[in-house]
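# Please find the sequence and the predicted model below.
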Amino acid sequence: QVKTNDGRIEEAARLGAGNFFGEMALLTGEERKATVIALADTYLFELTKADIKPLINDEPEVSELISKVLSRRQDVIDSIQKHIKHDVKIQKTKFNELLDKINIFFGNN
């Protein structure tokens with residue numbers, strides 16, 4: 001769920017088995033922007049920065065892949081909050097910004 005600029009709460013996505021959430025905070029250190037509510041019994045696995053740091057440091061393409069997912073999800077949240085349509089140019093800029101944040105957060109600059 002995401003809070004819109006006018007204070008309403010809207011659903012941003014429904015995630016199923018094998019999906020993940022909380023990646024923005026994990027990978028960039030930013031505060032979370034959405035609330036996740038389980039609709040059924042759920043098993044969760046927590047990853048910390050220390051858990052993922054070796055992968056990010058050793059496999060740069062992982063940061064690029066994750067940045068693509070982050071930019072798509074951020075675009076959805078922004079669209080909901082601001083009631084704007086999806087924009088591919090904005091998404092590409094967000095991808096680069098998020099990739100930079102990940103690299104800085106993990107000391108890969």
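Looks like it came in fine.
# measure the closest residue to K82 other than its chain neighbours to T28 for me?
Counting by C-beta to C-beta, 6 or more residues apart in numbering, N5 is the residue found nearest to K82 once chain neighbours are left out, at 6.2 Å. Yep, even glycine has a C-beta here, placed from its N, CA and C like the rest. Separation of N5 from T28 (C-beta to C-beta, to the nearest Å) stands at 22 Å.
# contacting residues around I9?
1-3 (C-beta atoms under 8 Å, 6 or more residues apart in numbering).
# What about those residues, which are in helices?
Of the positions in these, not one sits in helices, assigned by DSSP state H.
# Now do the SS call for the most far-flung residue of the chain relative to its centre.
Here the chain reaches farthest from its C-alpha mean at D41, the gap being 23.0 Å by C-alpha atoms, centre = their mean. Following DSSP: H, G, I helix; E, B strand; the rest coil, we place D41 in the coil state.
# Give me the residues contacting the helix or strand of the chain with the lowest mean pLDDT.
Among the helical and strand segments of the chain, the one scoring lowest on mean pLDDT, DSSP states H and E is helix 88-105, with a mean of 76. Contact with helix 88-105 is made by 27-30, 49, 56, 63-64, 66-68, 70-72, 74-75, 78, 108-109, as judged by C-beta under 8 Å, 6+ apart.
# Point out the ones among those that are inside helices.
Applying DSSP H to those, the entries found in helices are 27-28, 49, 56, 63-64, 66-68, 70-72, 74-75, 78.
# just curious, which of those residues is nearest to R14?
Among the ones in helices among the contacts of helix 88-105, R72 lies closest to R14 (C-beta to C-beta), at 14.9 Å.
# quick revisit: next, the buried residues of the least confident helix or strand of the chain.
For helix 88-105, burial by neighbour count (16 or more other C-beta atoms under 10 Å) applies to 90, 94-95, 98-99, 101-103, 105.
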